[in-house]
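Q: Based on what follows, work out the 3D shape:
(chains A and B, ligands or ions: 3)
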Amino acid sequence: MHEWALADAVVTTALKVAENEGLKEISEIIVKIGELQTIDTEIFNFALKEVMQPQKELLEKATIKIKPEKAILKCKVCKHEWLFKDAVKNLSEDETESLHFIPETAHVYLRCPECNSPDFEIIQGRGIWIDSISGER
Amino acid sequence: MDPRIEVIDKRLKDIKKIIAVAGGKGGIGKSSVASALALILSKMGHKVGLFDLDFSGPSSHIILGIKNYDFPKEDKGIVPSEYYGIKFMSIISFSGENPSPLRGIDISNAIIELLAITRWGSLDYLIIDMPPGIGDATLDIIRVIKRTEFLLVTTPSKVAFETVKKSLQLLLELKVPIVGVIENMANSKNLFVRNQLEHLNINYLGKINFDKDFEDAIGDVNKLYNTTFTQSLKEIVLNCKFF
Ligand SMILES: Nc1ncnc2c1ncn2[C@@H]1O[C@H](COP(=O)(O)OP(=O)(O)OP(=O)(O)O)[C@@H](O)[C@H]1O
Ligand SMILES: [Mg+2]
Ligand SMILES: [Zn+2]
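A: Residues are numbered from 1 along each chain as shown, chains lettered A, B, ... in the order given. Ligands and ions are numbered 1, 2, ... in the order given. Model (predicted):
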């Protein structure tokens, strides 16, 4: 996912939660990010700062913790399991960039190392999830 | 919580109308109608976006003759490239000429991802070219873009219509707004589709005859715009209160 879009999404979600739960100040947001999203944390943190700026009151004291999740792929045909980080080593720059925008293009550019099938599952490390948002009422 | 879903409304907030061009069967002219509709509305002076959501058979770029589909521009997300005044987004910008063998969950994820990162800006119409049937893409669009209105395409064939009828039944049950149905590849004075829709209380928007010159115009917007196909569609648009 694009870092700016993600930062925007996280802040939008935080605002919604704050409103629903009546939070006046958010202290911590924990975001789980699957490795398949190929997020550059430096860009993400920079984007976050910018996006949070207009929401100062609510987010000034918030720390945002990123929990990366290892991505594991499993072939539907031969059941072989392998790690995303090993698979992407062989990709071109454009292919990596496609994966960054749309992680599902993994099925376009990656193949099972055992049987060469594109029919694999991303059993872990695909998504982005807000694990928790805490703050003061 | 999936933060991607939360941000989609925000991404689409400056779009006045979102129209999904759908239908039951494959090959009945959904992509042709979606592409020509985008072209017509754009020529009428509206700000238009076209979103090809058919990941296994993306076609809009072929119909409109869009060839240089590199990565869209990055600016706090991605900004769709503009062709003939139409903002265009399709999986082909990321998959190129390669097939995208995606299962249901992957289709859902890719749709949500694209909706979450694309900055359409302000538009009068966003036209979505849907894949056939009432599978993942249809259910996801209904789920994540609550204000989508459906424009269905059928042919005069009983077989095609029966499938479109299933889509209509689902949309009615889910209370999804339906703009109406266009009868494509019409041939005679056959009133079957019109009569059936009357029973269902659904708008019959009009018909587009089989156009033997259409195939030759594919890939060339000027030719495409001047086909009987596009001109019939334009008449439908002009006569329809919705547009
Ligand atoms: N009115 C028409 N006259 C002549 N040819 C037509 C007409 N409508 C569509 N076609 C042709 O039919 C074929 C299928 O059209 P199109 O790709 O628009 O269908 P579709 O419903 O989007 O298909 P899919 O389900 O695969 O997405 C194309 O080759 C198109 O040129
Ligand atoms: Mg199509
Ligand atoms: Zn395998």
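Q: Check which residues of the top helix by length along chain B are buried.
A: Longest helix of chain B, by residue count under DSSP state H: helix B:158-173. Buried residues in helix B:158-173, counted by 16 or more other CB atoms under 10 Å in any protein chain shown: B:Ala160, B:Phe161, B:Thr163, B:Val164, B:Lys165, B:Ser167, B:Leu168, B:Leu171. Just so you know, the C-beta spots here come from the backbone N, C-alpha and C atoms, and that holds for glycine as well.
Q: ok, now which ones touch B:Arg103?
A: A:Asp119 (CB atoms under 8 Å, 6 or more residues apart in numbering or on different chains).
Q: For the residue nearest the centre of chain A, what is the enclosing helix or strand?
A: Centroid-nearest residue in chain A, with CA atoms, centre = their mean: A:Ile33, separated by 3.3 Å. Per DSSP states H and E, A:Ile33 falls inside strand A:25-34.
Q: Name the next helix or strand downstream of that strand, please.
A: Moving toward the C-terminus from strand A:25-34, the next helix or strand (DSSP H and E) is helix A:41-52.
Q: Report the distance from that next one to the chain centre.
A: Computed by CA atoms, centre = their mean, to the nearest Å, the chain-centroid distance of helix A:41-52 equals 14 Å.
Q: and whichever helix or strand comes after it with chain B, contact?
A: The helix or strand immediately downstream of helix A:41-52 is helix A:56-59, counting by DSSP H and E. No: Helix A:56-59 stays clear of chain B (CB under 8 Å from any CB of the partner chain), getting no nearer than 14.4 Å.
Q: With only the CA atoms kept, save stretch A:84-97 in CSV.
A: Provided in CSV are the C-alpha atoms of stretch A:84-97 (Å, rounded to 0.1, in the frame of the first residue of the first chain):
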residue,chain,number,x,y,z
PHE,A,84,7.8,-13.7,0.8
LYS,A,85,11.2,-12.1,1.6
ASP,A,86,13.0,-14.9,-0.3
ALA,A,87,10.6,-14.7,-3.2
VAL,A,88,10.9,-11.0,-3.9
LYS,A,89,14.7,-11.1,-4.2
ASN,A,90,14.4,-12.1,-7.9
LEU,A,91,11.8,-9.4,-8.9
SER,A,92,12.6,-6.4,-11.0
GLU,A,93,12.2,-2.9,-9.7
ASP,A,94,8.9,-2.4,-11.6
GLU,A,95,7.5,-5.7,-10.3
THR,A,96,8.4,-4.8,-6.7
GLU,A,97,6.7,-1.4,-7.3
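Q: quick one: average pLDDT of it?
A: Computed over stretch A:84-97, the mean pLDDT rounds to 93.
Q: Quick check: buried residues in that stretch?
A: Buried residues in stretch A:84-97 (16+ other CB under 10 Å): A:Phe84, A:Ala87, A:Val88, A:Glu95.
Q: is it up against chain B anywhere?
A: Yes: interface with chain B: stretch A:84-97 contributes A:Asp94, A:Glu97 (CB under 8 Å from any CB).
Q: Stretch B:181-194 vs ligand 2: in contact?
A: No: between stretch B:181-194 and ligand 2, judged by CB under 5 Å from the ion, nothing touches; the nearest distance is 11.8 Å.
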